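Asker: model this:
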Amino acid sequence: MNLELFIARRLYGTRKGARRISRPAVAIAQWGVTVGAVIMIASICIIVGFKQQVREKVFGFGGHIQLMCYSNDSGETQLTADSGLLEGLWSIDGVTAVQQQVQKTGIIAGEKEYEGVAIKGIGNGYDRSFIESHIVEGVMPEFGDTASGRIVISQILSDRTGAEVGDRVNIYFLDKGIKARKLTVAGIYSTHLNEFDAAMAFTDIYTTRSINDWENDKVSAIEISIGDYSQLEQLRDEVSDVALSASQRNGEMIAVPTIEELNPSIFAWLNVLDQTVWMILILVIAIAAFTMVSGLLIIILEKSSLIGVLKAVGAKNISIRKVFIYYASFIIGKGLIIGNLIGIVLCMMQQQFKIVSIDPEMYYMDRVPIEFTWLIVPMDIVMFVVSVATLVLPSMIISRIEPTKAIKFE
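Answerer: Numbers count the residues shown, from 1 in each chain. Next up is the predicted model:
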């Protein structure tokens with residue numbers, strides 16, 4: 001039997017009728033750990049959720065990897081999407097989507113004003129679920145490889161130009177003169193990713209291809225989605241090998257940038273968030289450890305008579321220190337359990353009911369995002385271990401307590 005653990009359990013479990021000097025210290029220490037655990041869980045879930053949602057929105061506009069051509073005879077950025085290239089991309093293990101798009105910059109003429117916009121033409125096989133999930137008015141048409149006469153614009157473009165669902169808008173393109181198309185607004189979307197919303201509209205690939213006077217196998221870019229984001233660089237290398245073969249075959253210079261390279265400012269900002277959450281976690285653990293040290297010192301002083309008795313019967317200082325460290329571990333453990341329960345419940349409520357709102361212009365979303373992660377478990381372990389480890393030094397005060405004086409003043 002572990003004698004120190006047995007005594008610690010007795011002290012922790014039988015406090016009725018005992019002197020209550022240490023009760024406030026125990027409560028403060030325990031709730032310090034509890035509050036720290038709640039903040040820790042909320043911070044991790046919010047940061048992970050925020051990064052996940054922002055990344056998914058950026059991926060929705062351009063996939064994880066893109067193929068594009070920077071050199072051609074006509075001066076337009078066009079890439080030959082032949083069957084060899086497409087089949088080679090689909091054959092890569094880990095690739096979940098290979099999507100063609102033809103993009104053209106134009107000007108939307110609305111009732112209020114004119115706005116520049118990049119019109120992305122998409123066709124059969126393009127995954128429209130991302131834009132569909134952010135439609136706020138109207139619908140996302142099933143754009144194909146034929147002229148639809150419809151367009152989907154963002155809420156920002158709608159507000160600036162005055163174009164509403166059902167309106168027919170003129171779009172002008174500068175391409176060896178001025179070309180114009182009159183398209184009907186079929187839907188309005190809003191992702192709150194304003195850098196993209198303000199510049200992107202969607203129509204069928206036939207329309208943008210016809211404006212560019214491109215053949216059916218020519219595209220502006222091929223967007224590639226992958227199943228495991230952690231394999232981004234590895235899969236980019238495999239995509240580059242396929243692109244190199246196509247480049248030699250078609251005489252084109254093909255670039256294979258990742259979405260991070262195309263949007264460095266956004267992903268650099270997301271990386272800064274990692275540093276922020278680590279700073280928060282360090283502060284939380286430090287505060288929890290401090291409250292536990294303060295509580296342990298008060299408990300030791302309050303139980304000095306017990307320490308004197310234990311020393312009088314021959315207990316060594318190291319054994320008595322173990323008793324109080326075990327005792328404090330019970331407090332830390334209970335605080336962590338309560339904190340985890342409260343933190344998880346609060347996060348689930350926010351995830352389910354979207355209670356707390358934020359400014360979408362600053363944070364790219366209108367509700368605080370929540371994403372549960374396995375990181376909570378190791379952080380709980382780290383918080384417990386660090387809190388217990390910090391108690392080793394203050395527990396050394398036990399060696400300075402003399403049994404004769406401790407028992408005498410009791």
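Asker: quick one: pLDDT of the spatially most central residue of the chain?
Answerer: Taking Cα atoms, centre = their mean, the centroid of the chain lies closest to Lys51, which sits 2.3 Å from it. pLDDT for Lys51: 91.
Asker: quick check: domain ranges of this protein?
Answerer: Structural domains of the chain, as assigned by automatic domain parsing, span the residue ranges 3-57+266-408, 65-257.
Asker: Confidence-wise, which of those is weakest overall?
Answerer: For the domains of the chain, mean pLDDT drops lowest on domain 3-57+266-408, to a mean of 87.
Asker: What ranges does the stretch 301-410 of the chain have for its helices?
Answerer: Under the criterion DSSP state H, counting those that start in this stretch, helices of the stretch 301-410 of the chain are mapped to 304-312, 317-353, 360-363, 376-389, 403-408.
Asker: To Asn2, which of those helices lies closest?
Answerer: Asn2 sits nearest to helix 317-353 of all the helices of the stretch 301-410 of the chain, at 8.6 Å, using Cβ to Cβ. Yep, even glycine has a C-beta here, placed from its N, CA and C like the rest.
Asker: That closest one vs helix 376-389, what angle?
Answerer: 150 degrees (axes from the mean of the first three to the mean of the last three Cα atoms, to 10 degrees).
Asker: quick check, distance from helix 317-353 to the centre of its chain.
Answerer: Centroid displacement of helix 317-353 relative to its chain, using Cα atoms, centre = their mean, to the nearest Å, is 26 Å.
Asker: Repeat that for stretch 247-263.
Answerer: 27 Å.
Asker: again with stretch 58-74
Answerer: 24 Å.
Asker: ok, now stretch 225-245?
Answerer: 22 Å.
Asker: Give me the contact list for that stretch.
Answerer: 55, 59, 63-65, 67, 84-85, 88-89, 92, 94-97, 99, 127, 224, 254, 256, 258, 260 (Cβ atoms under 8 Å, 6 or more residues apart in numbering).
Asker: Shouldn't Met68 be within a helix?
Answerer: No. Looking at Met68 with DSSP: H, G, I helix; E, B strand; the rest coil, it is strand, so not inside a helix.
Asker: picking up where we left off before, make sure the residue nearest to the centre of the chain is actually in contact with Leu273.
Answerer: Yes. Under the criterion of Cβ atoms under 8 Å, Lys51 is in contact with Leu273, at a separation of 6.3 Å.
Asker: Narrow the contacts of stretch 225-245 to those in strands?
Answerer: Within these, residues falling in strands by DSSP state E are Ile65, Leu67, Val95, Thr96, Ala97, Gln99, Ile224, Ile254.
Asker: so which of those would you say is closest to Gly162?
Answerer: Nearest to Gly162 among the ones in strands among the contacts of stretch 225-245: Gln99, at 31.5 Å, using Cβ to Cβ.
Asker: one step back: turn the helices of the stretch 301-410 of the chain into JSON lines, columns for distance to Val165 and mean neighbour count.
Answerer: Output for the helices of the stretch 301-410 of the chain, formatted as JSON lines (distance: least, Cβ to Cβ, whole Å; neighbours: other Cβ atoms under 10 Å):
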{"stretch": "helix 304-312", "distance to Val165": "77", "mean neighbour count": "19"}
{"stretch": "helix 317-353", "distance to Val165": "29", "mean neighbour count": "18"}
{"stretch": "helix 360-363", "distance to Val165": "21", "mean neighbour count": "12"}
{"stretch": "helix 376-389", "distance to Val165": "43", "mean neighbour count": "16"}
{"stretch": "helix 403-408", "distance to Val165": "82", "mean neighbour count": "14"}
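Asker: Report how many residues lie close to Thr207.
Answerer: 23 (other Cβ atoms under 10 Å).
Asker: Roughly how far does it sit from Leu67?
Answerer: Separation of Thr207 from Leu67 (Cβ to Cβ, to the nearest Å): 22 Å.
Asker: same question, Gln248
Answerer: Note on Gln248: its distance to Leu67, by Cβ to Cβ, is 14 Å.
Asker: Check Ile337 too.
Answerer: With Cβ to Cβ as the criterion, Ile337 and Leu67 are 51 Å apart.
Asker: Would you state the strands of the stretch 1-150 of the chain in chain order?
Answerer: 65-71, 79-80, 95-109, 114-122, 135-138, 150-154 (DSSP state E, counting those that start in this stretch).
Asker: winner for burial among those?
Answerer: Most buried of the strands of the stretch 1-150 of the chain by mean neighbour count (mean count of other Cβ atoms under 10 Å) is strand 150-154; its value is a mean of 26.
Asker: quick one on the thing from earlier: can I get the strands of the stretch 1-150 of the chain in JSON lines including distance to Lys182?
Answerer: Shown next, in JSON lines, are these (distance: least, Cβ to Cβ, whole Å):
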{"stretch": "strand 65-71", "distance to Lys182": "29"}
{"stretch": "strand 79-80", "distance to Lys182": "29"}
{"stretch": "strand 95-109", "distance to Lys182": "10"}
{"stretch": "strand 114-122", "distance to Lys182": "13"}
{"stretch": "strand 135-138", "distance to Lys182": "17"}
{"stretch": "strand 150-154", "distance to Lys182": "10"}
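Asker: To Asp213, which of the ones you listed lies closest?
Answerer: Nearest of the strands of the stretch 1-150 of the chain (Cβ to Cβ): strand 95-109, 11.0 Å.
Asker: Could you list the paired strands of the closest one along with their orientation?
Answerer: strand 114-122 (antiparallel), strand 168-174 (antiparallel), strand 221-226 (antiparallel) (DSSP bridges).
Asker: Thanks a lot, see you next time.
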